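Enquirer: Here is a sequence together with a model predicted from it:
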Amino acid sequence: MESSEIINHTFEDTTLSPNMQDYVEMIEVLSRTKKVVRVKDIAKNLNIKMPSVTSALQKLEEMGLIIYERYGYIELTEKGKKIGVNVYDRHTCLSELFTTVFKMEKKRAEEVACRVEHQLTSEACRQLYKFLEFYKSEKEKNEIWAERLNNILEERPLSELRQGDSAKIVHIEGSGPFKKRLGEMGFRKGELLKVLKYAPLKDPLELRIKEYNLSLRVEEAKEIIVKPLSI
Amino acid sequence: MKSQIIVVGLAGNPNSGKTSIFNALTGARQKVANWSGVTVEKREGRLKYKGYTFKIVDLPGTYSLSSYSIEEIVARDFIISENPDVIINVVDAGNLDRNLYLTTQLIDMRTRVVMALNMYDEAEVKGIRINTDTLGALLGMDVVGTIAVKSEGIDKLLDAVIDVSSKQSQVSRHIHINYGNDIESEIQKVQKTIRSVELIQEKYSTRWLALRLIEGDRDAELKLKRYRNFEDILKQAALSRLIIEKRYNDDIETIFTDMRYGFIAGAIKETVKKTAPKRRDFTEKIDKIVTNQFFAFPILIFFLWMLFELTFALGQYPMDLIDKGVILLSDALEATLPDSVLKDLIINGIINGLGGVIVFLPNILILFMGISFMEDTGYMARAAFIMDKIMHKMGLHGKSFISLVMGFGCNVPAIMATRSLENTRDRILTILVNPFMSCSARLPVYILFAGTFFSSFAGVVITSLYAVGIILAFISAKLFNAVFFKGQSMPFVMELPPYRLPTLKTTLLHMWDRGSLYLKKVAGIILVFSIIIWVLSSYPRSSEIEKKYTDQSNEITKTFIINKNKIIKAHGPESKELTMLNEENEALFEKVNIEKRSEEMKYTLIGRFGSAVYPLIKPLGFNWQMGISLTTGFVAKEIVVSTMSVLYHSAEEESDNGKQKSLREVLRNEEYGITPLIAYTFLLFVLMYVPCIGTVAVIGREAGWRWAVFSIAYQMILAWVVCFIFYNAGLLLGF
């Protein structure tokens, strides 16, 4: 995003219900990629049944946010467009924050962004946005603090890795026999490991370290802090 | 000659092929026992080679020799106290990195080591090439490449052992792992305090002891307390520990493991060359199916079903043969020996007892063949991997599952199967809850009562009993965990070894191992118990009862003869009436016989005991017949049924001639007052009360006698309390 756009992002608050915000946002998103927006597309993308979508759209029309055109095409009014752009801006800002800064997985980041976008005030959103932009430019300049922040935020418990992820051990929490045993079995700082799979009941997990395979309970994997390797 | 005996200890990681090396060395000439005082298995074998006799002791497979587990302490104590001439360190060549950790500790202990670089063929396939000469020179020990399953390299290994023990080896020397100046100077300080006590010096390597104490090894500290000045030594060690931790800004365990792995990394860098693997690992492919989201459980269930069927269905044939053999033998003896108490003892006490003992043997052999196969292929670890989540909820280990499932067949082999659990705590817990798995011997009792009192719901009733057993196992496991093993939660760091095809030899050896272990250690106890119970259930005998019934029989015979003559006179010798009379007479005899046995039983010690406990079981709604039956059920639960049929003067099975009332009909008879509520309470009691003799014996062997006694007490109390509540609640609800 270019810096001039910052001014354009107002992240204005709206009194519309979160549910309705989602519709307006979706219409805005669809209108950017498609020539026309159909009820069908909205239903599909929001994963909501057609009749519910239709009745919601009627309400939005009554509020003067959209116009129902011929052939069931939908267009946002100027008022509606403003809300749509605002909500979508919040979403993109938040999901980018979660992925690039907080190092969350794309899908999870989108999910959380969808939930949070309606709750934040415009002020909070603006500040987050400024932070995000600043961090990105600092990171590009290889500023040490940004590197360090990046490292810290990349670290996570082994239990949060997905099947097939590789990672490097940062440190092992806790103490006593468990830590000692892990150490003896080759778990130490800097060692590489790969999560091979989770058991059918999602616990325990199997990983590969030092040329052999080992299983660990998820509860125990939480104690091992790793830094995922980007592939 | 004594000088020619070489004592060798085998040390190595689990899955390093240590057992295969042991088998290749000793073949079937091995002894299995427990290490004194603990339930860790000890194997010993002997062999002769080039005029030397080797005594080989297989140490428990461990990843390390710190005092993390009993197994590690056992292995370590052997090395320190029994002074083996040489330690063979079995190392998986394909996983050198981690395997060498144990080696570093052996070096610290200043033992004379020969390394068996095992499975080097597999390593080569993986693209790993190891320069054994350089490795040996670096570690100061002979390194011999072996492929144990093909017995390759075994002779060279023995040659190396001879060289080392006779101090002829060119390579063997004491090296120090250098922990860096800071740590080394601290080690020296502690060593100095240790050297002030001569007695310690004689027993331990001072460097090793210093290392252990600095690392805060509880077991080493404990053993030191015997010596004078131990407080000074501990103080110095604690101080050194503090200094090192401060210097490295980390905890002591991490610092030392880091140092050791640093040493290993150096050694590997100089000796190992890695190239691209020759073929893809097929373990991954198998695992894709075996631990697959959808197939994992069906496959596990299939394997267990097969194991169960093989063990108990296939095992039935040899068991029947054994039964027949026992009957033949006792019949033969019955015919040849003169009547005496001794004859009675031999036939009913010893032969029957022996029969009861070896009857388990087919089960045990087949089950352990299966388990050994599952273990050696690597599937066992996967089964544990799949099941661990559920078992962990009970506070058990994934591997406990196999043992518990086998419990549905028979608790005796099932409890022996807990040997595949490495951890003592897991093992004891699994053993203690095993009797709640309704074994097949309880099924006849279930069928009898459920069929009699809940005819159309019999299936539901029986299923509910199995379910209650499982729930009780769950609750008990939680309880034992909280009471006995609080805070001892063991991490589930379990290696998933690559799949390998075991050789027939290993599987058979393993099977033989268990079979002979059972015969030697458990069978004797069961036999003694059986004889005791037989004595209790046959003595004292009353001559009055004997006389009373002999009189009755004589009376019957007398009347019979008179009637017979009358009929022959009236209708002739081939008449229908005569056949009828014969049948009547037989039935009469049978009746008198059963009455006699019933009265005799009541007169015996066990009968008296059963009657004496009647007040105790009365609150549960049971009658005195139930009391005696339950008492005799201690021998084996299915005996409850046969005792009942004797006490109720009935035939055990639905009889064909209809003269004798079946036990089912008799039980329904209102004069005995057994309601469906009482029947169900009784079944609950049978499910829960004391494990049978065989189970008690095997618990005693595997977990220790204290646990066996506890198990009996716990189950009795639990059975009584649960039944009391159930019965009275049932009464209140109007059943």
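Expert: Received the coordinates, thanks.
Enquirer: how would you label A:Gln163: helix, strand or coil?
Expert: Recorded secondary structure, A:Gln163: coil (DSSP: H, G, I helix; E, B strand; the rest coil).
Enquirer: Run through the residues of the stretch 1-150 of chain B sitting next to chain A.
Expert: Residues of the stretch 1-150 of chain B lying close to chain A (Cβ under 8 Å from any Cβ of the partner chain) are B:Tyr63, B:Ser64, B:Ser66, B:Tyr68, B:Gly94, B:Asn95, B:Leu96, B:Asp97, B:Arg98, B:Tyr101, B:Lys126. In short, each C-beta sits where N, CA and C put it, glycine included.
Enquirer: now check stretch B:493-513, is it near chain A?
Expert: Yes - residues of stretch B:493-513 contacting chain A under Cβ under 8 Å from any Cβ: B:Val493, B:Met494, B:Glu495, B:Leu496, B:Pro497, B:Pro498.
Enquirer: Any regions of chain A where pLDDT drops low?
Expert: Low-confidence segments of chain A, defined by pLDDT under 70: A:1-8, A:70, A:231.
Enquirer: And the one residue in chain A that gets nearest to chain B, how far from B:Tyr261?
Expert: Ranked by Cβ to the nearest Cβ, the top residue of chain A for proximity to chain B is A:Gly183, at 3.7 Å. Distance of A:Gly183 to B:Tyr261, computed by Cβ to Cβ, to the nearest Å: 8 Å.
Enquirer: List the contacts of the residue lying closest to B:Asn118 once chain neighbours are set aside.
Expert: Excluding the flanking residues, the one nearest B:Asn118 by Cβ to Cβ, 6 or more residues apart in numbering or on different chains is B:Gly17, at 4.3 Å. Contact analysis of B:Gly17 by Cβ atoms under 8 Å, 6 or more residues apart in numbering or on different chains lists B:Val90, B:Asp92, B:Asn118, B:Met119, B:Ala148, B:Val149.
Enquirer: between these, which is nearest chain A?
Expert: For the contacts of B:Gly17, the nearest to chain A is B:Asp92 (8.3 Å; Cβ to the nearest Cβ).
Enquirer: Would you map the strands across the stretch 101-250 of chain B?
Expert: B:113-118, B:128-130, B:142-146 (DSSP state E, counting those that start in this stretch).
Enquirer: what's the spacing between the helix or strand containing B:Ile531 and its chain's center?
Expert: Element membership of B:Ile531 [criterion: DSSP states H and E] is helix B:524-538. Centre-to-centre, helix B:524-538 and its host chain are 22 Å apart (Cα atoms, centre = their mean, to the nearest Å).
Enquirer: Would you mark the buried spots in the very next helix or strand once past that helix?
Expert: Counting by DSSP H and E, the next helix or strand C-terminal to helix B:524-538 is helix B:543-571. Of the residues in helix B:543-571, B:Ile545, B:Tyr549, B:Gln552, B:Phe560, B:Lys564, B:Ile567 count as buried by neighbour count, 16 or more other Cβ atoms under 10 Å in any protein chain shown.
Enquirer: between these, which is closest to chain A?
Expert: Proximity of the buried residues of helix B:543-571 to chain A (Cβ to the nearest Cβ) peaks at B:Ile545, which lies at 61.8 Å.
Enquirer: Find me the pLDDT at the nearest residue to the closest one once chain neighbours are set aside, would you?
Expert: Leaving aside its chain neighbours, B:Ile545 sits nearest to B:Glu599 (5.2 Å; criterion: Cβ to Cβ, 6+ apart). In this model, B:Glu599 is scored at 83, pLDDT.
Enquirer: Where do the domain boundaries of chain B fall?
Expert: Following automatic domain parsing, one finds the domains of chain B at B:2-165, B:181-248, B:542-603.
Enquirer: What's the mean pLDDT across the second one?
Expert: Read it as domain B:181-248. For domain B:181-248, mean pLDDT is 90.
Enquirer: center of the chain - which residue?
Expert: Using chain A here. For chain A, A:Ala109 is the residue whose C-alpha lies nearest the centre (Cα atoms, centre = their mean; 1.1 Å).
Enquirer: not what I meant, chain B
Expert: By Cα atoms, centre = their mean, chain B has its centre lying nearest to B:Met416, at 1.9 Å.
Enquirer: unless I'm mixing things up, that residue is touching B:Ile364, no?
Expert: Yes - contact criterion Cβ atoms under 8 Å: B:Met416 and B:Ile364 qualify, at 6.5 Å.
Enquirer: what residues are shared contacts of these two?
Expert: B:Arg514, B:Tyr518.
Enquirer: can you give me the strands in the chain?
Expert: Because you didn't say which chain, this covers chain A. A:37-38, A:66-68, A:73-76, A:156-157, A:166-172, A:192-198, A:205-209, A:212-216, A:224-228 (DSSP state E).
Enquirer: I was after chain B.
Expert: Using DSSP E, strands in chain B cover B:5-12, B:30-34, B:41-49, B:52-58, B:86-92, B:113-118, B:128-130, B:142-146, B:272-274, B:494-495.
Enquirer: Pipe the ones you listed into CSV and attach mean pLDDT per row.
Expert: Formatted as CSV, the strands of chain B follow (pLDDT from 0 to 100):
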stretch, mean pLDDT
strand B:5-12, 94
strand B:30-34, 73
strand B:41-49, 88
strand B:52-58, 93
strand B:86-92, 96
strand B:113-118, 95
strand B:128-130, 92
strand B:142-146, 95
strand B:272-274, 90
strand B:494-495, 87
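Enquirer: CSV please, covering these and showing mean neighbour count and distance to B:Asp388.
Expert: Listed next are those as CSV, based on neighbours: other Cβ atoms under 10 Å in any protein chain shown; distance: least, Cβ to Cβ, whole Å:
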stretch, mean neighbour count, distance to B:Asp388
strand B:5-12, 22, 25
strand B:30-34, 16, 27
strand B:41-49, 16, 23
strand B:52-58, 20, 28
strand B:86-92, 28, 24
strand B:113-118, 27, 28
strand B:128-130, 18, 31
strand B:142-146, 24, 33
strand B:272-274, 12, 33
strand B:494-495, 20, 8
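Enquirer: For A:Met104, find the nearest of the ones you listed.
Expert: strand B:494-495 (30.7 Å; Cβ to Cβ).
Enquirer: what pairs with the closest one, and is each one parallel or antiparallel?
Expert: Sheet partners assigned to strand B:494-495 using DSSP bridges are listed as strand A:212-216 (antiparallel).
Enquirer: Which of the helices and strands in chain B ranks last by mean pLDDT?
Expert: Sorted by mean pLDDT, DSSP states H and E, the helices and strands of chain B end with strand B:30-34, the least confident at a mean of 73.
Enquirer: residues touching B:Lys389, list them.
Expert: Contacts of B:Lys389 (Cβ under 8 Å, 6+ apart): A:Ala199, A:Leu201, A:Lys202, A:Asp203, A:Pro204.
Enquirer: Kindly reformat these as CSV containing neighbour count.
Expert: Compiled in CSV, the contacts of B:Lys389 are given as follows (neighbours: other Cβ atoms under 10 Å in any protein chain shown):
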residue, neighbour count
A:Ala199, 23
A:Leu201, 14
A:Lys202, 10
A:Asp203, 20
A:Pro204, 26
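Enquirer: What is the nearest of those to B:Lys274?
Expert: Proximity of those to B:Lys274 (Cβ to Cβ) peaks at A:Pro204, which lies at 29.1 Å.
Enquirer: mind listing what the residue in the stretch 101-250 of chain B that chain A sits nearest to touches?
Expert: Nearest residue of the stretch 101-250 of chain B to chain A, counting by Cβ to the nearest Cβ: B:Tyr101, 5.7 Å away. B:Tyr101 is in contact with A:Glu184, A:Met185, A:Gly186, B:Tyr63, B:Ser64, B:Thr257, B:Arg260, B:Tyr261, B:Ile264, counting by Cβ under 8 Å, 6+ apart.
Enquirer: what's the answer for B:Lys564, then?
Expert: B:Lys564 sits next to B:Leu578, B:Leu581 when contact means Cβ under 8 Å, 6+ apart.
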